[in-house]
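Student: Next input, structure requested:
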Amino acid sequence: MEATLAAVNRTGKGKNEARRLRASGQVPAVVYGAQKAGDAIAPVQIAVSPKEMMRILHSASGVNTLITLNGPGDSTQKVLVREFQLDPVTQALLHADFYRVNLEKKIAVKVPVVLHGEPKGVKNQGGILEFLHKEVEVECLPTAIPEHIDVEVAELELGQAIYVRDLAANASWSPLSDHDLMLVHIVNLKASAEPAAEGAATPAAAAEPEVMKKGKTDKESDDKDKPKK
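Tutor: Residues are numbered from 1 along each chain as shown. Below is the predicted model of the structure:
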């Protein structure tokens, strides 16, 4: 998915400037990196609409949305969300970081996995489905980032699993996660309920798709606004 976002340059820094921007209906943001060879790579201080930014973050592609950042005049640049800060109480957007992308250069992104179907091992054999890893890291062009990766589990029987190596081949992206990483499997209900033996390894806890990144303190946000020496 692609989206557009209006941005204005800003010169002020620090907590007072950040509060002034938020009071005016905008939030401070920073753009990093070069979009193509020869571009300036110094961070650029900007301000964006928190409402429009949250709309993008809550979209199907979330942080993987390719954004056309419209600046002053006719300036535009393609960016992805690098990080963002939310108020821990109100969940209001406080700050955002973007990084420029080269549309002709592949990048690494994490994409959520979506399961489809009711497994035979659950429906007919009394097993349960364990969803161990809910996202996969892939490599692709910025214009070809998938919103999610579909995995069909209807044929899975008791004791069977699906690994990264089993994902359907796709011309637009290739997996970077370990090919032996188990995404989902069907286990016996009784075995799943038994406590793990002392010292035995336990399956990794299922990780939720990363839609919102952990917030930072105001001090960390202010430090980003300070030019590097």
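Student: Assign the residue most central in space within the chain to helix, strand or coil.
Tutor: Centroid-nearest residue in the chain: residue 63, 4.4 Å away (criterion: Cα atoms, centre = their mean). For residue 63, the secondary-structure state derived from DSSP: H, G, I helix; E, B strand; the rest coil is helix.
Student: Domain map for this structure?
Tutor: 2-103, 107-193 (automatic domain parsing).
Student: average pLDDT for the first one?
Tutor: Right, domain 2-103. Averaging pLDDT along domain 2-103 gives 89.
Student: Distance from that domain to the middle of the chain?
Tutor: 15 Å (Cα atoms, centre = their mean, to the nearest Å).
Student: Also the last one?
Tutor: Centroid displacement of domain 107-193 relative to its chain, using Cα atoms, centre = their mean, is 18 Å.
Student: Now do the contacts for residue 147.
Tutor: 1, 60, 61, 64, 111 (Cβ atoms under 8 Å, 6 or more residues apart in numbering). For every residue, glycine as well, the C-beta is placed using N, CA and C.
Student: Only whichever of those are buried, select them in PyMOL.
Tutor: Restricted to buried positions by 16 or more other Cβ atoms under 10 Å, the PyMOL selection for these reads:
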select buried, resi 61+64+111
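Student: With distance to residue 159 added, can I get the contacts of residue 147 in CSV?
Tutor: Output for the contacts of residue 147, formatted as CSV (distance: Cβ to Cβ, whole Å):
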residue, distance to residue 159
1, 38
60, 34
61, 35
64, 34
111, 27
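Student: with the contacts of residue 147 in mind, which one is nearest to residue 172?
Tutor: Nearest to residue 172 among the contacts of residue 147: residue 111, at 11.3 Å, using Cβ to Cβ.
Student: Okay, now the sheet partners of the one helix or strand that closest one maps to, with direction.
Tutor: Assessed by DSSP states H and E, residue 111 sits inside strand 107-116. If you go by DSSP bridges, strand 107-116 pairs up with strand 135-140 (antiparallel), strand 149-152 (parallel).
Student: ranking those strands by burial, who's on top?
Tutor: strand 135-140 (a mean of 18; mean count of other Cβ atoms under 10 Å).
Student: what's around residue 109, how many residues?
Tutor: For residue 109, the neighbour count with other Cβ atoms under 10 Å is 20.
Student: Report the contact partners of it.
Tutor: So residue 109 contacts 64, 80, 137, 138, 140, 145 (Cβ under 8 Å, 6+ apart).
Student: Just the pLDDT at it, thanks.
Tutor: Per the predicted model, pLDDT is 96 at residue 109.
Student: Against residue 53, how distant is the residue nearest to the centre of the chain?
Tutor: 11 Å (Cβ to Cβ, to the nearest Å).
Student: hang on, the earlier thing: skipping adjacent residues, who's closest to the residue nearest to the centre of the chain in space?
Tutor: residue 81 (4.5 Å; Cβ to Cβ, 6 or more residues apart in numbering).
Student: quick one: the strands in this protein?
Tutor: 2-9, 27-32, 44-48, 66-70, 76-86, 93-100, 107-116, 127-131, 135-140, 149-152, 161-163, 173-175, 182-188 (DSSP state E).
Student: export these to JSON lines and tack on distance to residue 16?
Tutor: Listed next are those as JSON lines, based on distance: least, Cβ to Cβ, whole Å:
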{"stretch": "strand 2-9", "distance to residue 16": "18"}
{"stretch": "strand 27-32", "distance to residue 16": "11"}
{"stretch": "strand 44-48", "distance to residue 16": "14"}
{"stretch": "strand 66-70", "distance to residue 16": "25"}
{"stretch": "strand 76-86", "distance to residue 16": "17"}
{"stretch": "strand 93-100", "distance to residue 16": "14"}
{"stretch": "strand 107-116", "distance to residue 16": "36"}
{"stretch": "strand 127-131", "distance to residue 16": "46"}
{"stretch": "strand 135-140", "distance to residue 16": "39"}
{"stretch": "strand 149-152", "distance to residue 16": "45"}
{"stretch": "strand 161-163", "distance to residue 16": "52"}
{"stretch": "strand 173-175", "distance to residue 16": "44"}
{"stretch": "strand 182-188", "distance to residue 16": "48"}
